[in-house]
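> pasted the sequence and its predicted model underneath.
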Amino acid sequence: MTDEDLRARLVATGAELLAQEGPQALTLREIARRAGVSHGAPRRHFPTHLALLSAIARRGFTDLAARLGPEAAEPPREQLARLARTYLDFAAEQPGMYELMFRHDLLESGELGLRETSLPLFARLGTLIAEARPGTDPTVAAGAFWANLHGLAQLHRWGSLQLATGTPEIGPLLTAVLDAHLGPAAA
């Protein structure tokens with residue numbers, strides 16, 4: 001097995017463990033055990049635990065970007081709605097990965113170019129908002145929109161939104177977020 005194969009195997013094993021047991025299970029020892037290698041093997045390929053977690057989170061951002069696909073030839077509001085729905089679906093389907101991807105310590109560390117993987121998604125959001133609402137500061141507007149999406153994802157995952165709204169449906173809330181940031185949809 002080459003070094004690159006082992007690195008990929010450790011990341012894949014970490015992603016599987018994350019999906020099965022959540023972020024708290026991501027210890028170097030457990031990832032090594034499940035990958036069938038010595039407990040010191042991860043350290044030979046990832047100098048720190050943070051580096052291995054960043055590689056796993058990078059995989060999450062890559063998967064999310066693949067789900068979003070290329071920009072489409074549809075109006076910006078429709079692209080934003082599709083992007084938002086994909087983001088919310090990803091958060092609901094992969095809660096452990098979603099939590100890991102947005103850990104401040106991982107993003108701040110800059111390990112393995114994690115910011116370079118995450119920032120293009122944020123830039124895409126800003127571009128779409130700027131197209132949908134000309135004259136808006138795209139960075140600030142994208143930050144506010146993303147904060148709303150992140151809040152929807154987290155509150156829905158915790159069950160808080162269902163209790164407050166009396167419905168398990170997130171669609172009407174997403175429409176309200178789009179309307180709040182972009183104005184009501186044209187009839």
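Ah, there it is. Numbers count the residues shown, from 1 in each chain.

> low-confidence ranges in the chain?
For the chain, the stretches flagged by pLDDT under 70 are 1, 110-112, 187.

> and the helices in it?
Applying DSSP state H to the chain gives helices spanning 3-21, 28-35, 41-45, 49-68, 76-93, 95-101, 104-109, 114-132, 138-158, 160-165, 171-182.

> deepest in the core, which of these is it.
Compared across those, helix 95-101 shows the largest average neighbour count, a mean of 21 (mean count of other C-beta atoms under 10 Å). No exception for glycine: its C-beta is placed from N, CA and C like everyone else's.

> other residues contacting that helix?
Residues from elsewhere that reach helix 95-101, judged by C-beta atoms under 8 Å, 6 or more residues apart in numbering: 15, 18-19, 21-23, 26, 53, 56-57, 59-61, 63-64, 90-91, 106, 118, 153, 157.

> run the chain-centre distance for that helix.
When distances are taken as C-alpha atoms, centre = their mean, to the nearest Å, helix 95-101 is centred 7 Å away from the chain's centroid.

> can you check stretch 11-27 too?
15 Å.

> and stretch 80-88, by the same measure?
Worked out by C-alpha atoms, centre = their mean, stretch 80-88 lies 12 Å from the chain centre.

> tabulate the CA atom coordinates of that stretch in CSV.
Taking C-alpha atoms only, stretch 80-88 is exported to CSV below (Å, rounded to 0.1, in the frame of the first residue of the first chain):
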residue,chain,number,x,y,z
LEU,A,80,-30.0,30.1,-4.5
ALA,A,81,-33.1,28.1,-3.7
ARG,A,82,-31.5,24.9,-5.1
LEU,A,83,-28.2,25.6,-3.4
ALA,A,84,-29.9,26.2,-0.1
ARG,A,85,-32.0,23.1,-0.4
THR,A,86,-28.9,21.0,-1.2
TYR,A,87,-27.1,22.5,1.8
LEU,A,88,-30.0,21.7,4.1
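
> which residues are in contact with it?
64, 67-68, 72, 74, 124-125, 128-129, 132, 145, 149, 152-153, 156, 170, 174, 177-178, 182.

> any idea how far the residue most central in space within the chain is from S118?
Closest residue to the average C-alpha location of the chain: Y98 at 4.8 Å, with C-alpha atoms, centre = their mean. Note on Y98: its distance to S118, by C-beta to C-beta, to the nearest Å, is 12 Å.

> I am finished for the moment; much appreciated.
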